[in-house]
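>>> Build the 3D model from these lines:
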Amino acid sequence: RLRHAEANVQALQALLPDVEKVGDPALMNLTLIANHTASAIVASTRGDATGAVDALGSAVSVELGMPYNEPPSWLLPSRECYGQALLLAGRPVEAERTFRAAIYGYSFHAEPRCGWAVFGLRQSL
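Model prediction:
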C-alpha cells in the first residue's frame, strides 16, 4: 500500500505544472495544500517525522496565505495536523505554539472553539 500511496503522490506532484498553467491561484493553492498533505501522510507512514512536519508546515503556509472564503476553500484542519505532526516528532513547544495560534490567532483563521486545537494544546502541555 505504501508504494501505491507514493506513486499517487508522485502523480499528484506531476500535475503541478499543468495546474499552474491554468492560471487560477485558488486552484493552485488547493493543489499545493493537497500535495503537501499527501506527502506528509506518506512521510509519516515511512517513519519520517521530519518530512511530515516539513510538508505540513508548507501546507499551513499556503493555507494561511489564502484569502477569506466562506465556506473555507480547504476544510482539513492543516494547522491542527501540523501541530500533531510536531507532537509526534517530539517537538511539544512548537506544537503548543501552533495550537495556540489556531485557537487565539489574530486573523479569520483563528478558531476559538476548535476541538482538535484544544485537544492538541492539552497534549502539548
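
>>> so where is this structure shaky, pLDDT-wise?
Within the chain, the segments meeting pLDDT under 70 span 107.

>>> Residue nearest the middle of it, spatially speaking?
Centrality entry for the chain: nearest residue to the mean C-alpha point is residue 78, 3.4 Å, by CA atoms, centre = their mean.

>>> wait, isn't it in contact with residue 37?
Yes: when contacts are counted by CB atoms under 8 Å, residue 78 is listed as touching residue 37 (7.1 Å). Glycine gets a C-beta too; all of them are placed from N, C-alpha and C.

>>> Phi and psi next, for residue 90.
phi 80, psi 30 (degrees, to the nearest 10).

>>> ok, so what distance separates it from residue 64?
24 Å (CB to CB, to the nearest Å).

>>> how about the helices in this protein?
2-22, 25-46, 49-64, 78-88, 92-104, 115-124 (DSSP state H).

>>> Now distance to residue 72 too, for those, in TSV please.
As requested, those are exported to TSV (distance: least, CB to CB, whole Å):
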stretch	distance to residue 72
helix 2-22	20
helix 25-46	11
helix 49-64	9
helix 78-88	10
helix 92-104	13
helix 115-124	14
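
>>> Need the winner for burial among those helices.
Of the helices of the chain, the one with the most neighbours on average (mean count of other CB atoms under 10 Å) is helix 78-88, at a mean of 24.
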